[in-house]
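Asker: Generate a structure from the sequence data that follows.
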Amino acid sequence: MTTEHDFFGALESDEHGGIYWSETVEVGDQPVDVSVSSPGDRTVTVEGLDTAAGFVSSLDGLDLRAREAMLSDVDNRSSDVTSFIEATVEEVGEDLPEMLVDRSGDNDVDIIRSLQLIRVAIHPHQTGEGAPFAAFEFAFDPDNSDLALVVSLSNRGESVGIELLE
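Answerer: Predicted coordinates:
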């Protein structure tokens, strides 16, 4: 079965009824892998696909929201954001100042500003209140580290969780 959508075009279903779309999209000056997917046992509405299309079209602003969510967790010393920052500082060592995009003197802020958005996964079936509609994956040095932070946003663009991936 094929689902048609104005933005995504023809979305083919797999043998279980799941849908998948992917594209590399420029966000700022960097390419980002963006995917839209839903398992076959979930219902995807036209509104969910429209919201997903809006997310793809608004990645720059949503990237900023995700970074703001990370910044709001910096003061929580037990947060995944703080753990990520500490691990990054340890991993990068004395090369950190040269790797920062901007140097304000606040390493936590500077590291978050320097993160690269590498992947966005959108789940158009996750439209409930507080559900993780999109996952934004960030890395400081993606070519040399497996560390990543994933910020989940609701279909309204609000942060619903931040997770450290090691």
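Asker: ranges for the strands of the protein?
Answerer: Ranges of strands within the chain are 2-5, 9-12, 19-27, 30-38, 116-122, 134-139, 148-153, 159-165, based on DSSP state E.
Asker: how about those in a markdown table, adding distance to Gly61?
Answerer: Bear in mind the C-beta positions are built from the backbone N, C-alpha and C, glycine included. Shown next, in a markdown table, are the strands of the chain (distance: least, Cβ to Cβ, whole Å):
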| stretch | distance to Gly61 |
| --- | --- |
| strand 2-5 | 22 |
| strand 9-12 | 24 |
| strand 19-27 | 10 |
| strand 30-38 | 14 |
| strand 116-122 | 12 |
| strand 134-139 | 12 |
| strand 148-153 | 11 |
| strand 159-165 | 14 |
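Asker: counting residues per helix, which one in the chain is longest?
Answerer: Counting residues, the longest helix found in the chain (DSSP state H) is helix 59-73.
Asker: what residues does it touch?
Answerer: Outside helix 59-73, the residues that touch it by Cβ atoms under 8 Å, 6 or more residues apart in numbering are 25, 27-28, 32, 34, 55, 79-82, 108-109, 112-113, 115, 117, 120, 134, 136, 138, 149, 151, 153, 157-159, 162.
Asker: Report the inter-axis angle for that helix versus strand 134-139.
Answerer: In terms of direction (axes from the mean of the first three to the mean of the last three Cα atoms, to 10 degrees), helix 59-73 departs from strand 134-139 by 70 degrees.
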